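Trainee: After the sequence you'll find the predicted model.
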Amino acid sequence: MALDFTAIDFETANSSNASACAVGLVRVRDGEIVDKTGWLIRPPAGHDVFFELNVRIHGIQPEDVEDAAGWSEQLADLVAFTGDDVLVAHNAGFDMAVIKRACDATGDEYPPYRYACSLQVARKVYRLDSYRLPFVAAEAGFADFPHHNATADALACAHVMVDAAHRVGAGSIAELAEAVGVRVSQIATADAPAVSFAA
């Protein structure tokens, strides 16, 4: 088995998980980063209000996504890039909820991705004062990236997982998860309905 996975990161327009406004994707094959991409997303109707707090965090404005593909339109591209990979994200529960909630909001069938959380892995592998992504990535040798840029965050997450796997001698995400005592989970089907922030 090889250390193959796709790291993913979403930014959201507001506190609704369905309000995806950007995604970053980084493909890893045999422990090496081989491809990366990212794009803006027009959030689903009813979840498309941009909160000032969120804009302050990621800098994406409502006008930035006016001509972007909507969730349904971009989902095929996301699936095409990720394939059957295990997804990895920092605080993965959030990013998997974005996929689930955005699909709920648009009526799309969501891909039942398997996923692992680099935050959980970092807590087992590193001894840090903070496990926020910039601190964890710096420990993994990937510092000074534009945090809350979705592609940069996905890239940082990928570096963390590759570094953690090397430190524990794991050759795959499954081996890494087993070595440090975390689960490779799957997006759940029975969740509460998405919260709407319609204007």
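Mentor: Yep, that arrived.
Trainee: Check the secondary structure at residue 135 for me.
Mentor: Following DSSP: H, G, I helix; E, B strand; the rest coil, residue 135 is assigned to helix.
Trainee: Please name the nearest non-neighbouring residue to it.
Mentor: Excluding the flanking residues, the one nearest residue 135 by CB to CB, 6 or more residues apart in numbering is residue 128, at 5.5 Å. (C-beta placed from N, C-alpha, C; glycine too.)
Trainee: What's the first helix or strand after the one helix or strand residue 177 maps to?
Mentor: Element membership for residue 177 (DSSP states H and E) is helix 173-180. Sequence order places strand 185-186 as the next helix or strand after helix 173-180, per DSSP H and E.
Trainee: I'd like the distance from that next one to the chain centre, please.
Mentor: Here strand 185-186 is found 14 Å from its chain centre; the criterion is CA atoms, centre = their mean, to the nearest Å.
Trainee: quick one: average confidence on it?
Mentor: The average pLDDT for strand 185-186 rounds to 96.
Trainee: got it, and stretch 112-126?
Mentor: 97.
Trainee: Do me a favour and get the end-to-end distance for that stretch?
Mentor: Separation of the first and last residues of stretch 112-126 by CA to CA, to the nearest Å is 30 Å.
Trainee: what comes into contact with that stretch?
Mentor: 5, 7, 82, 86-93, 95-96, 99, 128, 131, 133, 136, 139, 157, 160-161, 164, 167-168, 173, 176-177, 180-187, 189 (CB atoms under 8 Å, 6 or more residues apart in numbering).
Trainee: Next, residue 25: secondary structure please.
Mentor: strand.
Trainee: so how far is residue 123 from it?
Mentor: 24 Å (CB to CB, to the nearest Å).
Trainee: neighbour-wise, which of these two wins?
Mentor: Shown here are residue 25 and residue 123; by other CB atoms under 10 Å, residue 25 has more neighbours (24 against 15).
Trainee: which residues does the more buried one bridge with?
Mentor: Note on residue 25: beta-bridge partners residue 8, residue 37, judged by DSSP bridges.
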